[in-house]
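Participant: I need the structure of the sequence given here:
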Amino acid sequence: MSDQPNVFVREGDYWTIRYGSESFRARDSKGLGYIATLLRHPGKEFHAIDLVSPGSGAAGRAKAAREDDLHAGGLGDAGDVLDARAKAAYRTRLTELAEEIAEAEEFNDAERAGRARAEIEALEDQLTAAFGLGGRPRKAASAAERARVNVRNSI
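Facilitator: Coordinates of the predicted model:
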């Protein structure tokens, strides 16, 4: 590790970034701005809307948008990403796959068990995308969901 300090600083249209002995410059982008905000406030959690809504009064607008999931244009959301029927189907399929793994292991069928585990992993990834912090269902096409996706893609 280098004895030079780590750096993440904007210089005009570019950022200078140094970590340990590695250093480079990158053209300014929204994602780098989001990272800079996060680095300025270590340990603090930010809602994605807070990151994409700069300027005075943004925190109040962001809080209001989170509370009723509306934004200035009056658009709402398209409901939960997964409805009750979809959640039940996921539960059923996960139970079936667990049984399939147990049966495959009983017959020493590693390939079949591996396929079932891969499907479980894919289903878990989909479920993770459908639920936010604390297991709250994400709303499809909500202001908060659009902000989350935009921040993720920008970074």
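Participant: quick one: contacts for the nearest residue to K30 once chain neighbours are set aside?
Facilitator: Counting by CB to CB, 6 or more residues apart in numbering, the nearest residue to K30 once its immediate chain neighbours are dropped is S154, at 4.3 Å. (Glycine included, C-beta is placed from N, CA and C.) By CB atoms under 8 Å, 6 or more residues apart in numbering, the contact set of S154 is S29, K30, G31, Y34.
Participant: Let's see that with 10 Å instead.
Facilitator: Residues near S154 by CB atoms under 10 Å, 6 or more residues apart in numbering: S29, K30, G31, L32, G33, Y34, I35, L51, V52.
Participant: for this structure, where's the lowest mean pLDDT among helices and strands?
Facilitator: Among the helical and strand segments of the chain, the one scoring lowest on mean pLDDT, DSSP states H and E is helix 58-68, with a mean of 46.
Participant: Which strands and helices lie in contact with the longest helix anywhere in the chain?
Facilitator: If you go by DSSP state H, the chain has its longest helix at helix 84-106. Other elements packing on helix 84-106 under the criterion 3 or more CB pairs under 10 Å, 6 or more residues apart in numbering; DSSP states H and E are helix 110-130.
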